[in-house]
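Colleague: Quick one, structure for this:
(chains A and B)
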Amino acid sequence: NAGVTQTPKFQVLKTGQSMTLQCAQDMNHNSMYWYRQDPGMGLRLIYYSASEGTTDKGEVPNGYNVSRLNKREFSLRLESAAPSQTSVYFCASRGLNRGYNEQFFGPGTRLTVL
Amino acid sequence: GENVEQHPSTLSVQEGDSAVIKCTYSDSASNYFPWYKQELGKRPQLIIDIRSNVGEKKDQRIAVTLNKTAKHFSLHITETQPEDSAVYFCAASQQNYGGSQGNLIFGKGTKLSVKP
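Modeller: Below is the predicted model:
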């Protein structure tokens, strides 16, 4: 049981390049999330998917798109990367564990945009 | 929508002392309050949580208290050790909802430093 996995762990992009961050969970959770974490800013929600086939904007969605490919996978795409998108990105999933909903995070992707 | 305030933003204690981190929330419908610990370079990990039908929960050296009337909850760490040094996040949500009401709303974090 791997929990929540993310690829890649590190990435350096040039301004204007595109890339997709991958996330997968093996806990059969319905809800999945993408957060970014910047120093002093805590965890800010970019997009979420309450269930397979649905996605919704969070607090800071501009410059990002998402795809809920199936129940396991939720990807985040940067179409034209900007230096302001330099951050650590965490994927998370939420679902039943020990009888009630709990949220678990992936290991993170550290992205630098030059 | 829900808003979670967390204090202090930094906390420094001597090894063996207690540490207390406090959070307030705004939405009286929130009924689930988890705490996450994030070590440097690692992912946030759930360390303890409390639901609105209880006022206190303990797990070894950590405890969480909840005051629903005042809409605040606190994390207490006793006999602190250097390995407790990390950033701690509180959060709030409506436990049984799958839509936006179920989303965790996080505080901005407290950086705890435990000095040997």
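Colleague: Please count neighbours and contacts with C-alpha atoms only from this point.
Modeller: Fine.
Colleague: Give me the buried positions along stretch B:67-80.
Modeller: Neighbour-count burial for stretch B:67-80 flags B:68, B:72-77, B:80 (criterion: 16 or more other Cα atoms under 10 Å in any protein chain shown).
Colleague: let me redo that: stretch B:26-43
Modeller: B:30-39, B:43.
Colleague: now do stretch A:79-87
Modeller: A:81-82, A:85-87.
Colleague: Between those residues, which sits nearest A:G3?
Modeller: A:S87 (22.5 Å; Cα to Cα).
Colleague: how far away is the closest one from chain B?
Modeller: Distance, A:S87 to chain B, by Cα to the nearest Cα, to the nearest Å: 12 Å.
Colleague: isn't that residue right up against A:L111?
Modeller: Yes: contact criterion Cα atoms under 8 Å: A:S87 and A:L111 qualify, at 5.5 Å.
Colleague: got a list of contacts for the helix or strand A:T112 falls within?
Modeller: Assigned by DSSP states H and E, A:T112 belongs to strand A:109-113. With contact meaning Cα atoms under 8 Å, 6 or more residues apart in numbering or on different chains, strand A:109-113 is reached by A:6-15, A:21, A:81-90.
Colleague: Where does chain B get nearest to chain A, which residue?
Modeller: Residue of chain B nearest chain A, by Cα to the nearest Cα: B:K108 (4.4 Å).
Colleague: Pull the number of nearby residues for the closest residue to that residue other than its chain neighbours.
Modeller: Counting by Cα to Cα, 6 or more residues apart in numbering or on different chains, A:G42 is the residue found nearest to B:K108 once chain neighbours are left out, at 4.4 Å. Look at A:G42: counted by other Cα atoms under 10 Å in any protein chain shown, it has 17 neighbours.
Colleague: ditto for B:S9
Modeller: For B:S9, using other Cα under 10 Å, the count is 15.
Colleague: Test my guess that it contacts B:G107.
Modeller: No: B:S9 is beyond contact range of B:G107, at 9.8 Å (criterion: Cα under 8 Å).
Colleague: about what we covered before: and for the residue of chain B closest to chain A, the neighbour number?
Modeller: Neighbour count of B:K108, defined by other Cα under 10 Å: 24.
Colleague: Just the pLDDT at it, thanks.
Modeller: pLDDT recorded at B:K108 is 93.
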